[in-house]
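Undergrad: Dropping a prediction and its sequence here:
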Amino acid sequence: MKLHICVIVTAILLSAGLVANAAPPGVEPGYGYWRLTGGQYLFVRAPGATAEIACTDECAAVWEPIIATEDAVAGHDWTIEQQADGRRLWAYKGAVVYALINPARNGYISESALWLRARAEPWYPPGVTVGDYSLLAKVDGGALRHIRDTTCDEECETYWRPMPAPSDETGAQDWSVITGEEGGSFWATGPDKRTVYEQRPGTTLPPPLTNSKDPFGFSSMVGINAFAAAPETMPIAIATGAHDVHDFKVTQPPKLTPGTTTPQYPVASLRAGEQGSVAIQFCIDANGMVTGHLLSMPSRFPRLNGATNAWAPTLKFTPGQVNGTPGATCGYTLFFNWTFS
């Protein structure tokens, strides 16, 4: 069993231009969230947390937005919000996105009641959907594949062709448009811009003939995985008299006391081979005692969740600092892996 706490990375301010219909430069989807290229998650304010559009005054000492240049072009759920002070801020689905200026000061990459990670909603070209086995497919039932080898040979060309794309489209998320060797625009995916092949209309993929043929009908073609959606989470509410860990008044987050004993693995779970990850959010008082906890991301096994709920209240912390002195905080997140290794 292993205890994992989020790793902090430094925020950076982005101000470069944008290619049309894409995310801001230096921003990419990862594990279902929008992140900076260096790995740090971007955040949006939780619904109802504030009526302000922009983060100003004390808030601006903790959070920084992504600035859009004058020539930046919005598209595919990304918009540019004009501020009263003249700044142009990037927003996703109408919510301005922010990065922590100094995550070690008062927060980390976890969500809280005030701030949520910016979830990246899946984007696919028109006519593309999620089919069987969570693989991408055409809405009309045709298959989509990447080619395993470097070229599509004669047998491959019998069933497959590069998927055409509009010449004025640039894509979004991990989708991009490339130019073929003989001209024409085609869809590609991934950082290496692998050409997407679509099943030729009117063809039926051959069944597996030998051990070298995969169940998708052709040995040199591989399925394309659908966009990985972010897991649903439920941040703990801010207790009376406590401060959210992302509050600007919190100058240092709580810390788990070294030498913490891991929980007892349920015997029935061991016998059943149950393993999984959980995320626990805490409210911690000025003495480092747990005053409340919530499984913000439970595992799929009730026994493991029950054991986690029994263990969480027994933990001891170094309290967080509120304006430089020990204070009550809510939203500290602990990740725990129930595993045999």
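TA: Received the coordinates, thanks. Numbering: from 1, shown residues only.
Undergrad: hey, let's count contacts and neighbours off CA atoms from now on
TA: Noted.
Undergrad: okay, and for the stretch 201-341 of the chain, where does confidence drop off?
TA: Low-confidence segments of the stretch 201-341 of the chain (pLDDT under 70): 207-219.
Undergrad: Tell me where it has helices.
TA: Per DSSP state H, counting those that start in this stretch, the stretch 201-341 of the chain carries helices over the ranges 267-272, 302-311.
Undergrad: Now do the last one: distance to the chain's middle.
TA: Chain-centre distance of helix 302-311: 25 Å, with C-alpha atoms, centre = their mean, to the nearest Å.
Undergrad: Could you do the first one as well?
TA: Relative to its parent chain, helix 267-272 has a centroid offset of 31 Å by C-alpha atoms, centre = their mean.
Undergrad: Output it as PDB, restricted to C-alpha atoms.
TA: Only the C-alpha atoms of helix 267-272 are listed here, as PDB (Å, rounded to 0.1, in the frame of the first residue of the first chain):
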ATOM      1  CA  VAL A 267      -9.600  -9.400   4.300                       C
ATOM      2  CA  ALA A 268     -12.600  -9.900   2.000                       C
ATOM      3  CA  SER A 269     -11.100  -7.300  -0.400                       C
ATOM      4  CA  LEU A 270      -7.800  -9.200  -0.400                       C
ATOM      5  CA  ARG A 271      -9.600 -12.500  -1.200                       C
ATOM      6  CA  ALA A 272     -11.600 -10.800  -4.000                       C
END
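Undergrad: for the helices of the stretch 201-341 of the chain, which one sits closest to residue 47?
TA: Proximity to residue 47 (C-alpha to C-alpha) singles out helix 302-311 among the helices of the stretch 201-341 of the chain, at 27.2 Å.
Undergrad: Mind listing what's buried along that closest one?
TA: Neighbour counts over helix 302-311 (16 or more other C-alpha atoms under 10 Å) mark 303, 304, 305, 308 as buried.
Undergrad: tell me the contacts of the nearest residue to residue 244 once chain neighbours are set aside?
TA: Computed as C-alpha to C-alpha, 6 or more residues apart in numbering, the closest residue to residue 244 that is not its neighbour in sequence is residue 330, at 4.9 Å. By C-alpha atoms under 8 Å, 6 or more residues apart in numbering, the residues touching residue 330 are 112, 236-239, 242-245, 281-284.
Undergrad: Name whatever forms a beta bridge with residue 330.
TA: Legend: beta-bridge partners of residue 330 under DSSP bridges are residue 244, residue 283.
Undergrad: now it: how far from residue 88?
TA: 32 Å (C-alpha to C-alpha, to the nearest Å).
Undergrad: same question, residue 43
TA: The spacing between residue 43 and residue 88, counted by C-alpha to C-alpha, is 17 Å.
Undergrad: Can you tell me which of the contacts of residue 330 has the largest number of neighbours?
TA: Most neighbours among the contacts of residue 330, by other C-alpha atoms under 10 Å: residue 245, with 33 neighbours.
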